[in-house]
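S.K.: can you look at this prediction? I've put the sequence above it.
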Amino acid sequence: MLGKHNEAIEMFKAAIGIRFDYSEAWNNWGNALGKLGRHQEAIEKVKKTVVIKPDYYQSYDIWGLALGRLGRPLESIEKFEKALNINPSYYEALNNLGVELGKLGRFAEAIDNFEKAVNVKPDVAEVWNNWGIALQKLGRFTEATEKLKEANRLKRKNDLQL
């Protein structure tokens, strides 16, 4: 898969060479760099995206992920919140915000975000799993078990579809 990200980066560079203000190419370039673990470079690219298109909420999510992976959770949270200010129904940012809040021990807030994410997109096993883990951390084991069972059911369902 790493080769595909590197190939994609070359295509994004070419696209930007043709049209410098191509926000989708900057965003996707940042996303590919993040997938390769090149988080600081990813931030540089998505910053360019939001200069061109300030309401590009996906870029704030990518930016937040990169900051989180660089060990900057409070800045990460700010970016996820920015994405959600633009699009409150963006389940990926809701999930990612919940994860960062959980890393800081803010499990009740994390749970709120996981619940919102599930209300938007109920078929994502990862969100249910994260919700269950946060509930466990608060000692709410019965609820946690329900969420983790749903995560496993969705994962099996998704695995069968492949």
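M.R.: Structure's in. What do you need?
S.K.: what is the burial count for residue 112?
M.R.: Neighbours of residue 112 under the rule other Cβ atoms under 10 Å: 17. For glycine as for every other residue, the C-beta is placed from the backbone atoms N, C-alpha and C.
S.K.: do the same with residue 22
M.R.: Counted with other Cβ under 10 Å, residue 22 comes out at 18.
S.K.: pLDDT value on it, please?
M.R.: Confidence at residue 22, expressed as pLDDT, is 95.
S.K.: gap between the residue of the chain most remote from its centre and residue 25?
M.R.: Of all residues in the chain, residue 18 has its C-alpha farthest from the mean position, at 28.9 Å, by Cα atoms, centre = their mean. In this view, residue 18 and residue 25 are 9 Å apart by Cβ to Cβ, to the nearest Å.
S.K.: check contacts around residue 144.
M.R.: Counting by Cβ atoms under 8 Å, 6 or more residues apart in numbering, residue 144 makes contact with 132-133, 135-136.
S.K.: do you know how far residue 107 is from residue 132?
M.R.: Counting by Cβ to Cβ - residue 107 and residue 132 are separated by 12 Å.
S.K.: buried residues, stretch 136-154. List them.
M.R.: Going by neighbour count (16 or more other Cβ atoms under 10 Å), the buried part of stretch 136-154 is 136, 140, 144, 147-148, 150-151, 154.
S.K.: and residue 50, what does it touch?
M.R.: Going by Cβ under 8 Å, 6+ apart, residue 50 touches 56, 59-60, 63.
S.K.: now do the lengthiest helix in the chain, average pLDDT.
M.R.: Scanning the chain for the helix with the most residues, using DSSP state H, yields helix 141-161. Computed over helix 141-161, the mean pLDDT rounds to 92.
S.K.: kindly export that helix (C-alpha atoms) in PDB.
M.R.: Coordinates of each C-alpha in helix 141-161 appear next as PDB, following Å, rounded to 0.1, in the frame of the first residue of the first chain:
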ATOM      1  CA  PHE A 141     -19.000  -2.600  31.800                       C
ATOM      2  CA  THR A 142     -22.500  -3.600  30.800                       C
ATOM      3  CA  GLU A 143     -22.800  -0.800  28.300                       C
ATOM      4  CA  ALA A 144     -19.300  -1.300  27.200                       C
ATOM      5  CA  THR A 145     -20.000  -5.000  26.400                       C
ATOM      6  CA  GLU A 146     -23.000  -4.000  24.300                       C
ATOM      7  CA  LYS A 147     -21.000  -1.600  22.300                       C
ATOM      8  CA  LEU A 148     -18.100  -4.000  21.800                       C
ATOM      9  CA  LYS A 149     -20.500  -6.700  20.700                       C
ATOM     10  CA  GLU A 150     -21.900  -4.400  18.100                       C
ATOM     11  CA  ALA A 151     -18.400  -3.500  16.900                       C
ATOM     12  CA  ASN A 152     -17.600  -7.200  16.500                       C
ATOM     13  CA  ARG A 153     -20.900  -7.800  14.600                       C
ATOM     14  CA  LEU A 154     -20.200  -5.000  12.200                       C
ATOM     15  CA  LYS A 155     -16.600  -6.100  11.700                       C
ATOM     16  CA  ARG A 156     -17.700  -9.600  10.900                       C
ATOM     17  CA  LYS A 157     -20.400  -8.200   8.500                       C
ATOM     18  CA  ASN A 158     -17.800  -6.000   6.800                       C
ATOM     19  CA  ASP A 159     -15.300  -8.800   6.600                       C
ATOM     20  CA  LEU A 160     -17.900 -11.000   4.800                       C
ATOM     21  CA  GLN A 161     -18.500  -8.300   2.300                       C
END
